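Peer 1: Show me how the following folds:
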Amino acid sequence: MKAYIQLTMAQLRIFMRNRQVIFFSLLFPVLLMVMLGSFVGDSGVSLSGLIVDQDESQASGQLIASLEQQGIAEVGQSADLEEALDLLEKGEHQFVLVIPDNYDETVMAWQKQGETGPVPDPASLTVYYDETNMVTSQLGLVAVRQVIDGISKNLTDYQPALVMEQKPVESLGLQYIDFLVPGIVAMMIMSNNLNGVAGQIAAWRERGILRRMQSTPLRASTFISAQITARLLLNGFQAVIVLLIGFLFFDTQVRGSWLLLLLFVILGTLTFIAMGFIIAGLARTPESAGPIAGMISFPMLFLGGVFFPISSMPSFLQAMVKTLPISHLSTALRQVMNVGADLVALWPQALVLFGWMIVSFLVASYTFKWE
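Peer 2: Numbering: from 1, shown residues only. Next up, the predicted model:
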């Protein structure tokens, strides 16, 4: 027990004395979170459009007022169509609506259609939109179409056969930073343990430190337990820092159980420590341990749901990505923090991580060597 405590404290002192370890394992993820959270900010969509009123009548004024009252898009007016299209091409607006000069006459004709007999031709309202930004442009087209359809139905005395009842539901109001913070925690757990263990153990083997340890009464289980404990303490400290900064600067919250969050931090740490021991056993030198660990961790960093949702990836990739331990770790942390999910809902993630941990430790027991 005394050797276990001494090894654990020695490992923690090694972390604290190495400034590069402190920067890359603690400060770099925090800086990354702050920069991405500040730059991305709110993911809301801002719409703006221009109206070119060639009719300048009371009817066209009512159409413009209806668009402004809808509140979906910020609407401005322009007297010059070419100038409005130029602003559209520069990306300053998402759509340009042109009201033709015969708009008032057409509206009057539809209002008197019962008296005059023949049905008049509809007025053609032209909408130019930015095809390079289809998401916001389509929202702008929907906003304009709703107003035009409403006016058209009033003119033709249209009685709908179906109606839609709207019932609002209060959402969680999650932003990108709420998605990012659990991913940053998962990234730190993977990087510190997979890359850190592989490089450190390979370096100790090359310098003969492991060989000298083997010649003492120290047991391998005591050495590995001290490594695991020290890294668990480090990961817990990192997670607290990230969550605290996320709360203070971006108002992120942990809606679920802190104990469940700690459980997945422990599962993730054990899994990636075991994978780090595998790499350390396969790598002959510290110089080769880094590239091997990077070859494994780098794809998981971008495919494991750390920065981007797995659902936004191509369907042929999703099945493969969902087998990675980092994807289940980031999903579990995100569900606990953002949704408040319990272990009943997250048992598949816990089971997959536990399976990865057991298999990795079994493989590490065969690949690990002292010399």
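Peer 1: Do you have the helices of the stretch 251-371 of the chain handy? List them.
Peer 2: Secondary structure of the stretch 251-371 of the chain (DSSP state H, counting those that start in this stretch): helices located at 258-282, 286-303, 315-321, 325-334, 343-367.
Peer 1: Kindly state which of those helices is positioned closest to residue 28.
Peer 2: Put simply, out of the helices of the stretch 251-371 of the chain the one that sits nearest residue 28 is helix 286-303, at 12.9 Å, with distance taken as CB to CB. In short, each C-beta sits where N, CA and C put it, glycine included.
Peer 1: List the buried residues in that closest one.
Peer 2: 286, 289-290, 292-293, 296-297, 300-301, 303 (16 or more other CB atoms under 10 Å).
Peer 1: Next: stretch 84-95.
Peer 2: Of the residues in stretch 84-95, those with enough neighbours to count as buried (16+ other CB under 10 Å) are 84-85, 87-88, 93-95.
Peer 1: So for it, mean pLDDT?
Peer 2: Here stretch 84-95 scores 80 as its mean pLDDT.
Peer 1: and the nearest residue to residue 328 once chain neighbours are set aside, how many neighbours?
Peer 2: Nearest in space to residue 328, with sequence neighbours left out and distances taken as CB to CB, 6 or more residues apart in numbering, is residue 349 at 4.3 Å. Taking other CB atoms under 10 Å as the neighbour definition, residue 349 ends up with a count of 23.
Peer 1: roughly how far apart are residue 349 and residue 59?
Peer 2: Here the criterion is CB to CB, to the nearest Å. By it, residue 349 lies 59 Å from residue 59.
Peer 1: Packing partners of the host helix or strand of residue 212?
Peer 2: Secondary-structure element containing residue 212, defined by DSSP states H and E: helix 209-214. Counting contacts by 3 or more CB pairs under 8 Å, 6 or more residues apart in numbering; DSSP states H and E, the secondary-structure elements packed against helix 209-214 are helix 196-206.
Peer 1: Now do the end-to-end distance for stretch 183-202.
Peer 2: The first and final residues of stretch 183-202 sit 28 Å from each other (CA to CA, to the nearest Å).
Peer 1: number of nearby residues for the closest residue to residue 353 other than its chain neighbours?
Peer 2: Taking CB to CB, 6+ apart as the measure, residue 353 lies nearest to residue 267, with 4.4 Å between them; neighbours along the chain are not counted. By the measure other CB under 10 Å, the count of residues near residue 267 is 22.
Peer 1: Please verify my assumption that residue 267 contacts residue 350.
Peer 2: Yes. Shown here, residue 267 and residue 350 form a contact pair, counting by CB atoms under 8 Å, at 6.6 Å.
Peer 1: And residue 305, how close does it get to residue 140?
Peer 2: The gap separating residue 305 from residue 140 is 31 Å, by CB to CB.
Peer 1: biggest helix in this protein by residues?
Peer 2: Ranked by residue count and defined by DSSP state H, the top helix of the chain is helix 220-250.
Peer 1: relative orientation of it and helix 258-282 in degrees?
Peer 2: Counting by axes from the mean of the first three to the mean of the last three CA atoms, to 10 degrees, helix 220-250 lies at 130 degrees to helix 258-282.
Peer 1: buried residues in helix 220-250?
Peer 2: When burial is assessed from 16+ other CB under 10 Å, helix 220-250 yields the following buried residues: 222-224, 226-232, 234-235, 238-239, 241-243, 245-246, 250.
Peer 1: so what does that helix touch, helix or strand wise?
Peer 2: Applying 3+ CB pairs under 8 Å, 6+ apart, one finds that helix 220-250 contacts helix 2-17, helix 28-40, helix 176-190, helix 196-206, helix 258-282.
Peer 1: CA atoms only: put the next helix-or-strand element following the second one into PDB for me.
Peer 2: As assigned by DSSP H and E, the chain's next helix or strand after helix 28-40 is strand 48-53. Output of strand 48-53 as PDB, limited to C-alpha atoms (Å, rounded to 0.1, in the frame of the first residue of the first chain):
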ATOM      1  CA  SER A  48     -32.800  39.900 -44.200                       C
ATOM      2  CA  GLY A  49     -34.400  40.900 -47.500                       C
ATOM      3  CA  LEU A  50     -35.000  43.800 -49.800                       C
ATOM      4  CA  ILE A  51     -38.200  44.800 -51.500                       C
ATOM      5  CA  VAL A  52     -38.300  46.700 -54.800                       C
ATOM      6  CA  ASP A  53     -41.700  48.300 -55.000                       C
END
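Peer 1: Not counting strand 48-53 itself, show me its contacts.
Peer 2: Outside of strand 48-53, the residues within contact range by CB atoms under 8 Å, 6 or more residues apart in numbering are 60-61, 64, 67, 73-81, 84, 87-88, 92-99, 140, 144.
Peer 1: can you do 7 Å?
Peer 2: Outside strand 48-53, the residues within contact range by CB atoms under 7 Å, 6 or more residues apart in numbering are 60, 64, 73-78, 81, 84, 87, 93-99, 140.
Peer 1: Okay, now the sheet partners of it, with direction.
Peer 2: Based on DSSP bridges, the pairing partners of strand 48-53 within the sheet are strand 74-77 (parallel), strand 95-99 (parallel).
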